[in-house]
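1. Here is a sequence with its predicted model. Questions after.
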Amino acid sequence: MKISINDLKNERQWRSATGLNKERYIKLLKLFDSSYQNTFGCTLPERQAQSPMDTVITSIEDLLFFTLFSLKCGLTFDLLGLVTGMDGSTANRNKIFGVSILQSALYDNGYAPARSFDTIEEFEKHFKEHSTVIIDATENPIQRPINEYDQKVNYSGKKKDIR
């Protein structure tokens, strides 16, 4: 990979590239590696040895760094591929793959928030332990008001409902 964790020299660079300092990255790497091995039953180099194709990402460190870097920087896949030495479609596939392993690592170890509940009892049990609920309700559709003043207050500039 063109850019790697070896290029990060100080904490500011670690945080700007990954969103984590070096110590947190190393802790997350252990969880990430464990999740990868649980998913595939082998390490990344062992899995790649079975593949006939050459790969840009050759270690679990590279995969985690690429995943965090892609989430942090917000580049298009073509630019992300240019920066990391792969084409845009490969960058897209690697990001999706890395994010799925990262999500698995965070959920399996209890670091990700609960996003859904199967029963009311499960919901109530969860919120006995957690008092804060965050709801993203910024783009909920509303009924168009009849009053002209209220229409102007609620007008978003969009002509059609976007779903």
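-> Cool, the structure landed.

2. now the helices for this protein?
-> 11-18, 22-40, 44-49, 60-73, 77-84, 88-108, 120-129, 148-154 (DSSP state H).

3. May I have the residues that are in contact with the residue nearest the centre of the chain?
-> Closest to where the C-alpha atoms of the chain average out (C-alpha atoms, centre = their mean) is residue 99, at 4.8 Å. Counting by C-beta atoms under 8 Å, 6 or more residues apart in numbering, residue 99 makes contact with 67, 71. C-beta coordinates here come from the backbone N, C-alpha and C atoms, glycine included.

4. how close does it get to residue 35?
-> Using C-beta to C-beta, to the nearest Å, residue 99 is found at 12 Å from residue 35.

5. How about residue 62?
-> 16 Å.

6. tell me the most buried of the helices of the chain?
-> Comparing the helices of the chain by mean neighbour count (mean count of other C-beta atoms under 10 Å), helix 60-73 ranks first with a mean of 20.

7. between that one and helix 88-108, how many degrees?
-> 100 degrees (axes from the mean of the first three to the mean of the last three C-alpha atoms, to 10 degrees).

8. helices or strands up against helix 60-73?
-> helix 11-18, helix 22-40, helix 77-84, helix 88-108 (3 or more C-beta pairs under 8 Å, 6 or more residues apart in numbering; DSSP states H and E).

9. now that helix: mean pLDDT?
-> Across helix 60-73, pLDDT averages out at 95.
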